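Novice: below are the sequence and a predicted model; questions follow.
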Amino acid sequence: MVNLQSDLSVAIGKLQLRYPTLMGSGCYGSGEEYAPFADLSKIGAIVLKSVTRLPRLGNATPRLVHTPAGMLNAIGLQNPGIDWYLEHDLHKYASRPCAIVGSVAGFSIDDYANVCGRLAQRDEIAALEINVSCPNVASEGETFGCDPDLTARVVEATRQTTDKTLIVKLSPNVTDITKIARQAENSGADALAVINTVRGMAIDVEAWRPRLGNVTGGLSGPAIRPIAVLAVYEVARAVSIPIIGQGGIENITDALEFFLAGATAISIGTANFTDPRIPERIVEELDAYLLRRGLHSMRDLVGQANVGITTPDQYEGDEG
Amino acid sequence: MAIPPSMQAAATALAVYEAEGKRASILFFVMGPRTRELARLQIGDALSVTGPLGNGFDCSVPSHDASIVAGGVGIASVWLCAQRLLQRGIRVRLFYGARTAALLVDARRFEQLGCEVIVATDDGSAGMHGFVTAALERAVPPETIYACGPSPMLRAVGAIASRWNVRAQLSLEETFGCGVGGCWGCVVPLDRCSAQAPSFPPAAQGGSDVVFARVCKEGPVFWSDELRW
């Protein structure tokens, strides 16, 4: 990697990141898997795969379907449960040369508080992401993130368990994402991750059956990028806490769209599947962009394209 | 290995066909836009490759003879296996199935390598008429089996191996996401007691004895008697 000349550091609540790049939860394992193919010291943070209170085998197969410019997944929060995770897995993550963000999922307010509190006690964990928006678990998973009051209750309950940075990951599968975003902020969230995957499905026209074992899945990849950019843009106008923008980011141009819409940092998920060197390349090119535009820090970039939402009202009376 | 073509949300997973020193070759059929793009590459073009990924056939299992079963493009995964078995002095019989004669690749080369090759085609245009597993079933049971091909073929090979009380290594094909073990998309149900099972708590009383293992990381090769599919 070339020597960087710009200051690319950002603060997400108390979490200080050298680079404004996070690796999306569920896409990057524990980092160990990618270590042979990517330089983990050149990324901001890894968001670990979500953990639940009890072990979960995960969804039936197939769990993935490739779609135009994207991918449907329905993994179903496969994880060994918080007890096993704390005892057998977490200590392995201590030596990573980047920040480690834990991710909490649950099926009740108590679940979230329990897992969050226990994860937060561990030194390996720098911050916590509260996943209230997994679209791939029967009934409850995404329900929290689609209901402003339930979101508020999960955030209040997890907030009480820790002073570490709480990032609430929002679902795009709602009528008005800004309402949920405001509730999360008012309930004590330090930052928001915008967005989780977009619900979707694919059908096998010979078998006459859905392609995914779970029937429905979450769409990721470039196909959802414009949806995500808009969500970040709108949420940035509604809240004053930092936003981590995510959804189909594959290169510097994509990343810049999110920064300019109002994201303080970005998260890269599916793009790692194409090429594990993409995050490092984005950091290098971001540095070059700041230099070229004469910008001193990320603060000079974030939200600069956010000019508001044009409404038909603005043209009323203009008979020109 | 995984090769990222342009305009796709994931890389293409390919087996290493032959390898010698610093040279590795791949064998693929032109099936869709990705492989078409790959086929258009010229000598000297650069490719971004992630790999090698996952495990391979364990050819160190002691035996006097072995059968390799390859279906369709599964042939691309068994050259190194055949080579290593033969180097160990193990007699190798290759059961090679394809839809039609035109899709048979390198059958003669496997013979030259020292394998006994038994061909089967779905339309009878070469070798035996029918599935390659029917040919396998009619043969004398070997001491070990290695197989790569479509899932129905692998299941059939697993069933035959179990009837014969022979252990079989199956190289599985799945839809892959990350290819390195990070996304848990390409899983297969495996006995929780398998040495290949990922880190997971033991089954609760009356609970499932299955855990999902990653085809890209713990696999793609699994022992047929440990798969719970």
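Specialist: Received it, and whenever you're ready, just let me know what you need.
Novice: could you use CA atoms for every contact and neighbour count after this?
Specialist: Will do.
Novice: what is the burial count for the residue in the stretch 101-250 of chain A that chain B sits nearest to?
Specialist: The nearest approach of the stretch 101-250 of chain A to chain B comes at A:Gly221, 6.1 Å away (CA to the nearest CA). Using other CA atoms under 10 Å in any protein chain shown, A:Gly221 has 27 neighbouring residues.
Novice: contacting residues for the residue nearest to A:Leu57 when sequence neighbours are not counted?
Specialist: Counting by CA to CA, 6 or more residues apart in numbering or on different chains, A:Gln78 is the residue found nearest to A:Leu57 once chain neighbours are left out, at 5.1 Å. Contacts for A:Gln78 (CA atoms under 8 Å, 6 or more residues apart in numbering or on different chains) come out as A:Pro55, A:Arg56, A:Leu57, A:Gly58, A:Asn59, B:Trp184.
Novice: pLDDT wise, what is A:Gln78 at?
Specialist: We note a pLDDT of 96 for A:Gln78 in this prediction.
Novice: and the contacts of A:Gln78, which is closest to A:Arg225?
Specialist: Using CA to CA, B:Trp184 is the member of the contacts of A:Gln78 that lies nearest A:Arg225, at 22.8 Å.
Novice: could you report the neighbour count for the closest one?
Specialist: Neighbours of B:Trp184 using other CA under 10 Å come to 33.
Novice: my read: it touches B:Arg214, true?
Specialist: Yes: using CA atoms under 8 Å, B:Trp184 makes contact with B:Arg214 at a distance of 6.1 Å.
Novice: strands of chain B, start to end?
Specialist: For chain B, the strands defined by DSSP state E cover B:2-3, B:12-13, B:18-20, B:23-25, B:65-71, B:91-98, B:116-121, B:128-129, B:144-148, B:167-171, B:187-191, B:210-214, B:221-223.
Novice: what does the helix-or-strand element of chain A with minimal mean pLDDT contact?
Specialist: Using mean pLDDT, DSSP states H and E, the weakest-scoring helix or strand in chain A turns out to be helix A:140-146, at a mean of 75. With contacts defined as CA under 8 Å, 6+ apart, helix A:140-146 is touched by A:105-107, A:132-136, A:150-151, A:154, A:170-171, A:173-174, A:180.
Novice: of the residues you listed, closest to A:Ile227?
Specialist: Minimum distance to A:Ile227 across those is 10.5 Å, recorded for A:Asn173 (CA to CA).
Novice: I figured that closest one hits A:Arg199, correct?
Specialist: Yes: judged on CA under 8 Å, A:Asn173 makes contact with A:Arg199 at a distance of 6.8 Å.
Novice: distance of the closest residue to A:Pro222 other than its chain neighbours from A:Thr274?
Specialist: Distances taken as CA to CA, 6+ apart place A:Gly248 nearest to A:Pro222, at 3.9 Å, with adjacent residues excluded. Per CA to CA, to the nearest Å, A:Gly248 is found 12 Å from A:Thr274.
Novice: contact residues of chain B facing chain A?
Specialist: Within reach of chain A by CA under 8 Å from any CA of the partner chain, chain B has these residues: B:3-4, B:7-11, B:48, B:50, B:175-188, B:199-201, B:211-212.
Novice: shaky segments in chain B?
Specialist: Flagging of chain B using pLDDT under 70 yields the residue ranges B:1-9.
Novice: quick check: domain ranges of it?
Specialist: B:10-39, B:65-171, B:177-219 (automatic domain parsing).
Novice: any idea which of those domains is most buried?
Specialist: For those, ranked by mean neighbour count under the definition mean count of other CA atoms under 10 Å in any protein chain shown, the leader is domain B:177-219 at a mean of 21.
Novice: chain center to it, what's the gap?
Specialist: Distance of domain B:177-219 from the chain centroid (CA atoms, centre = their mean, to the nearest Å) equals 19 Å.
Novice: circling back: what does the helix or strand following the least confident helix or strand of chain A rub up against?
Specialist: Per DSSP states H and E, the first helix or strand lying C-terminal to helix A:140-146 is helix A:148-159. Outside helix A:148-159, the residues that touch it by CA under 8 Å, 6+ apart are A:109-110, A:112-113, A:116-117, A:130, A:132, A:143-145, A:166, A:168, A:179-180, A:183-184, A:186-189.
Novice: out of those, which end up buried?
Specialist: Among the contacts of helix A:148-159, those classed as buried by 16 or more other CA atoms under 10 Å in any protein chain shown are A:109, A:112-113, A:116-117, A:130, A:132, A:143-145, A:166, A:168, A:179-180, A:183-184, A:187-189.
Novice: restricted to helices, list these.
Specialist: Judged by DSSP state H, those include A:Ile109, A:Tyr112, A:Ala113, A:Cys116, A:Gly117, A:Thr143, A:Phe144, A:Gly145, A:Lys179, A:Ile180, A:Gln183, A:Ala184 as members of helices.
Novice: in chain B, where's the longest helix?
Specialist: Chain B, longest helix under DSSP H: helix B:151-164.
Novice: strand B:144-148 and that helix, what's the angle between them?
Specialist: Here helix B:151-164 points in a direction 170 degrees away from that of strand B:144-148 (axes from the mean of the first three to the mean of the last three CA atoms, to 10 degrees).
Novice: what angle separates helix B:151-164 from strand B:91-98?
Specialist: 140 degrees.
Novice: what sits closest to the residue of the stretch 1-150 of chain A found nearest chain B if chain neighbours are left out?
Specialist: Nearest residue of the stretch 1-150 of chain A to chain B, counting by CA to the nearest CA: A:Gly29, 3.8 Å away. Sequence neighbours aside, B:Gly182 is the residue nearest to A:Gly29 in space, at 3.8 Å (criterion: CA to CA, 6+ apart).
Novice: and the one you found, its phi and psi?
Specialist: Backbone torsions for B:Gly182, taken as degrees, to the nearest 10, come to phi -90, psi -20.
Novice: quick one: it and A:Glu33 touch, right?
Specialist: Yes: using CA under 8 Å, B:Gly182 is in contact with A:Glu33, at 6.0 Å.
Novice: for the stretch 101-250 of chain A, what lies in contact range of chain B?
Specialist: Taking CA under 8 Å from any CA as the measure of proximity, the stretch 101-250 of chain A contacts chain B at A:Gly221, A:Pro222.
Novice: so where's the stretch 101-250 of chain A uncertain?
Specialist: In the stretch 101-250 of chain A the weaker segments, taking pLDDT under 70 as the threshold, are A:138-141.
Novice: which parts of it are strands?
Specialist: Applying DSSP state E, counting those that start in this stretch to the stretch 101-250 of chain A gives strands spanning A:127-131, A:165-170, A:191-194, A:198-200, A:203-204, A:209-210, A:217-220, A:243-246.
Novice: what sits against the closest residue to A:Ala11 other than its chain neighbours?
Specialist: The shortest distance from A:Ala11 to any non-neighbouring residue, by CA to CA, 6+ apart, is to A:Leu17 (6.2 Å). Counting by CA under 8 Å, 6+ apart, A:Leu17 touches A:Ser9, A:Val10, A:Ala11, A:Gly44, A:Ala45, A:Ala99.
Novice: list the contacts for the fifth one?
Specialist: Taking CA under 8 Å, 6+ apart as the contact definition, A:Ala45 lies against A:Leu17, A:Thr21, A:Leu22, A:Met23, A:Cys98, A:Ala99, A:Ile100, A:Val101.
Novice: pick the one among those residues closest to A:Gly262.
Specialist: A:Thr21 (14.5 Å).
Novice: give the bridge partners for the closest one, please.
Specialist: Beta-bridge partners for A:Thr21, by DSSP bridges, are A:Ile266.
Novice: state the distance from the residue of chain B positioned farthest from its centre to A:Gly308.
Specialist: No residue in chain B sits farther from the centre than B:Gln205, which is 34.9 Å out by CA atoms, centre = their mean. Using CA to CA, B:Gln205 is found at 57 Å from A:Gly308.
Novice: ok, A:Ala191 next?
Specialist: For A:Ala191, the distance to A:Gly308 - CA to CA - is 21 Å.
Novice: those two: which is more packed in?
Specialist: Between A:Ala191 and A:Gly308, counted using other CA under 10 Å, A:Ala191 has the larger neighbour count: 24 against 9.
Novice: which ones are touching that one?
Specialist: Contacts of A:Ala191 (CA under 8 Å, 6+ apart): A:Ile12, A:Gly13, A:Thr165, A:Leu166, A:Ile167, A:Val168, A:Glu185, A:Ile241, A:Pro242, A:Ile243, A:Ile244.
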